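In: Could you look at this predicted model? Sequence included:
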Amino acid sequence: MAAARQLPRFWEWGKNIVCVGRNYADHVQEMKSAVPSEPVIFLKPSTAYAPEGSPILLPAYSRQVHHELELAVVMGRRACAVPEDQALGFVGGYALCLDMTARDVQDECKRKGLPWTLAKGFTSSCPVSEFVPKEKVPDPHQLRIWLKVNGQLRQEGQTSDMIFSIPYIISYVSKIITLEEGDIILTGTPKGVGPVQENDEILAGIDGIVTMSFKVERPKH
């Protein structure tokens, strides 16, 4: 019998990065936005991915880049129009991610009614931790996530505070976008988002499961 194939890491495949916005009520409030009636979905290109050990690069066209800490779901197999009560069976594992956001650019896009790609999709705008197999996360809705900048705690939140649950998100997204093995879904950020500057050191973690660290830099070219 053939050996079981290991789950490929999405960054080796150049896979989809699907993001959910406004999924924590406290963050919705701090951004002065309306609580959504359904998930707010946007995409990042595969080149947004930044593995630990690589820098977070500040885009030249923004003067206000914010960190947004998020639990990410890594898909374990292909999912198309998945029922909510079966959705967790399609999960391969989890990761911790940052949805780096050019906030000044996003604000301008919102004013003009334009997509958020310039604000959300720049190179290295999705720093990602090491992959965490789902067996190490008995309940993804009972996790504390946190982020520090230069040793100062900036963000912390409980995944139990999500407006839309992970099964709901997977089901919702899979009815719009066929998800493939290795795709990741960022599930939203708690309050405390804020700016980073060149040479800042970011440390983030999921209590008892994983930590990651990144340095903020400007492109050298």
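Out: Thanks, I have the structure now.

In: separation between Tyr61 and Leu118?
Out: Tyr61 sits 7 Å away from Leu118, taking Cβ to Cβ, to the nearest Å as the criterion. Every C-beta, even on glycine, is put in place using the N, C-alpha and C of the backbone.

In: okay, these two: which has more neighbours?
Out: Ranked by neighbour count (other Cβ atoms under 10 Å), Tyr61 and Leu118 place Leu118 first, with 16 against 11.

In: following the one helix or strand the more buried one maps to, which helix or strand shows up next?
Out: According to DSSP states H and E, Leu118 maps onto helix 117-120. Counting by DSSP H and E, the next helix or strand C-terminal to helix 117-120 is strand 126-128.

In: What mean pLDDT does that next one get?
Out: Averaging pLDDT along strand 126-128 gives 96.

In: chain center to that strand: distance?
Out: Its chain's C-alpha centre and that of strand 126-128 lie 7 Å apart, by Cα atoms, centre = their mean, to the nearest Å.

In: ok, back up a step: which neighbours do Tyr61 and Leu118 share?
Out: Contact criterion Cβ atoms under 8 Å, 6 or more residues apart in numbering; residues shared by Tyr61 and Leu118: 102, 105.

In: on that earlier part again, packing partners of the helix holding Leu118?
Out: With contacts taken as 3 or more Cβ pairs under 8 Å, 6 or more residues apart in numbering; DSSP states H and E, helix 117-120 sits against strand 40-44, strand 101-102, helix 103-112.

In: switch to 7 Å and redo it
Out: strand 101-102, helix 103-112 (3 or more Cβ pairs under 7 Å, 6 or more residues apart in numbering; DSSP states H and E).

In: How about the contacts made by the residue nearest to the spatial centre of the chain?
Out: Nearest to the mean C-alpha position of the chain, by Cα atoms, centre = their mean, lies Leu186 at 3.4 Å. If you count contacts by Cβ atoms under 7 Å, 6 or more residues apart in numbering, Leu186 has them with 19-20, 70, 72, 97, 99.

In: How far does stretch 31-44 stretch from one end to the other?
Out: Distance across stretch 31-44, first residue to last, is 21 Å (Cα to Cα, to the nearest Å).

In: tell me how far that stretch is from the chain's mean position?
Out: 14 Å.

In: do stretch 205-221 as well
Out: Put simply, stretch 205-221 sits 13 Å off its chain's centre (Cα atoms, centre = their mean).

In: mind exporting it as PDB, just the C-alpha atoms?
Out: Provided in PDB are the C-alpha atoms of stretch 205-221 (Å, rounded to 0.1, in the frame of the first residue of the first chain):
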ATOM      1  CA  GLY A 205       1.700  33.500  19.100                       C
ATOM      2  CA  ILE A 206      -1.200  31.100  19.800                       C
ATOM      3  CA  ASP A 207      -1.000  30.200  23.500                       C
ATOM      4  CA  GLY A 208       0.600  26.800  24.100                       C
ATOM      5  CA  ILE A 209       0.800  26.000  20.300                       C
ATOM      6  CA  VAL A 210       3.000  28.200  18.200                       C
ATOM      7  CA  THR A 211       5.000  31.500  18.100                       C
ATOM      8  CA  MET A 212       6.500  33.400  15.200                       C
ATOM      9  CA  SER A 213       8.700  36.500  14.800                       C
ATOM     10  CA  PHE A 214       9.300  38.900  12.000                       C
ATOM     11  CA  LYS A 215      11.300  42.100  11.400                       C
ATOM     12  CA  VAL A 216       9.900  45.000   9.400                       C
ATOM     13  CA  GLU A 217      12.100  46.300   6.600                       C
ATOM     14  CA  ARG A 218      12.000  48.500   3.600                       C
ATOM     15  CA  PRO A 219      12.800  47.000   0.200                       C
ATOM     16  CA  LYS A 220      16.400  47.400  -0.800                       C
ATOM     17  CA  HIS A 221      15.700  47.800  -4.500                       C
END
